[in-house]
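Engineer: My questions concern the predicted model and sequence given below.
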Amino acid sequence: MDEPKNTSPRKAVWLAAGALIAITAIGVIKDQSFSGSENGATEQKIMQAPAADSSPAPATAAFTKKKPSAYEKSRQRPDQVAVDQPLAKGLMSNASEAPQSWSGVDSAIQGNREVVIENATQWAALWNEHYAHRIPVPPLPEIDFKQSQIVGIWTGVKPSSGYTVDIVEIRDEGSRRRVIYHQTIPPLGAIAAAVMTQPYTLRVIARAETNIRFEIQP
C-alpha cells in the first residue's frame, strides 16, 4: 500500500510566494499613486502661477548733476578745466546779454596783472600772450569794442591746484567803475595736486567811459 504524499511544505512555499507578490504589487500601486498626485499638484501650481507683469516700468526722474564749486573745479588738472577753453565767437551787441568770460588756471602769463582792454589790437596781443604756450593758439573771439570792453585779472604762479580768481561784481559809482574780485586759496591741509598753476579770469563788460578800479574782496 502506497504512503500518502506530504504536500504541506510545498503548499506553504506557494502561499508565501503569493503573499510576496501581492505585497509588491500593492507597493507599486501606492508609488504610482503618490507620483501621480505629486505631479498633479506641481502642474496645478504652475497653472496657478501669476503671469509676469508686462506693463512698462514707471519712468524715473532725470538725474541732475550738481554743479561743482569753484574750489572743486580748481582741483582739476589744467588740461581738464572746461571753462579754460575759449567760448564760441560772437558779438556782444547788447549790454543786457550775458557777458562772455574766461576763467582757468593755465596761462602763459606768469605775473600778477590787472588789465582793461579797449580795442581789438590790445585784445589780440593779450590773447596771444595768454595762450603763447599752446600750439596752435585758439581762435580769437570777436568783440564789439564800440559797445564793450574787457577786464582781466591774473594772480601769478601758484604752487598747487586749489587757487582760483573770480570777478564777483562790477559796480558803477558816478565817474568810477569798480571791478571787485575774489581769490580762493585752498584750506590748510587740503589735498591738492602738486602742479604749478596760474589762476586768471577775463570778462567782457558793457563799455563805459569811466575810470576802472580793481579791488580784492576780503
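Structural biologist: Thanks, I have the structure now. Residues are numbered from 1 along each chain as shown.

Engineer: P218: neighbour count?
Structural biologist: Per other CB atoms under 10 Å, the neighbour tally for P218 reads 4. Any C-beta I mention is one placed from the backbone N, CA and C, and that applies to glycine too.

Engineer: nope, R176 is what I meant
Structural biologist: By other CB under 10 Å, the residues close to R176 number 12.

Engineer: could you list every residue that touches the closest residue to A132 other than its chain neighbours?
Structural biologist: Among residues not flanking A132 along the chain, A108 sits closest, at 4.0 Å (CB to CB, 6 or more residues apart in numbering). A108 makes contacts with E129, H130, Y131, A132, H133, R134, Q198, as judged by CB atoms under 8 Å, 6 or more residues apart in numbering.

Engineer: Need the max-distance pair from the residues you listed.
Structural biologist: Spanning the widest gap among the contacts of A108 are R134 and Q198, at 13.0 Å by CB to CB.

Engineer: between those two, which one's more packed in?
Structural biologist: Between R134 and Q198, counted using other CB under 10 Å, Q198 has the larger neighbour count: 21 against 10.

Engineer: any idea how far the more buried one is from Q217?
Structural biologist: 20 Å (CB to CB, to the nearest Å).

Engineer: Give me the pLDDT for G189.
Structural biologist: We have a pLDDT of 89 for G189.

Engineer: which of the contacts of A108 are buried?
Structural biologist: H130, Y131, Q198 (16 or more other CB atoms under 10 Å).

Engineer: For the second one, which non-adjacent residue is spatially closest?
Structural biologist: If you skip the residues right next to it in sequence, Y131 has V137 as its closest partner in space, 4.6 Å away by CB to CB, 6+ apart.

Engineer: can you check the last one too?
Structural biologist: Of all residues not flanking Q198 in the chain, S107 sits nearest, at 4.2 Å (CB to CB, 6+ apart).

Engineer: In three-state terms, label I153 for me.
Structural biologist: When classified by DSSP: H, G, I helix; E, B strand; the rest coil, I153 comes out as strand.

Engineer: Contact partners for it?
Structural biologist: Residues in contact with I153 (CB under 8 Å, 6+ apart) are R113, E114, V115, V165, I167, V179, Y181, Y200, T201, L202, F214.

Engineer: Report all helices and strands that the strand or helix carrying V165 contacts.
Structural biologist: Counting by DSSP states H and E, the element that carries V165 is strand 164-173. When contacts are defined as 3 or more CB pairs under 8 Å, 6 or more residues apart in numbering; DSSP states H and E, strand 164-173 sits against helix 70-74, strand 101-104, strand 148-155, strand 176-184, strand 200-206.

Engineer: Deepest-packed of these, please.
Structural biologist: Comparing the helices and strands packed on strand 164-173 by mean neighbour count (mean count of other CB atoms under 10 Å), strand 148-155 comes out on top with a mean of 22.
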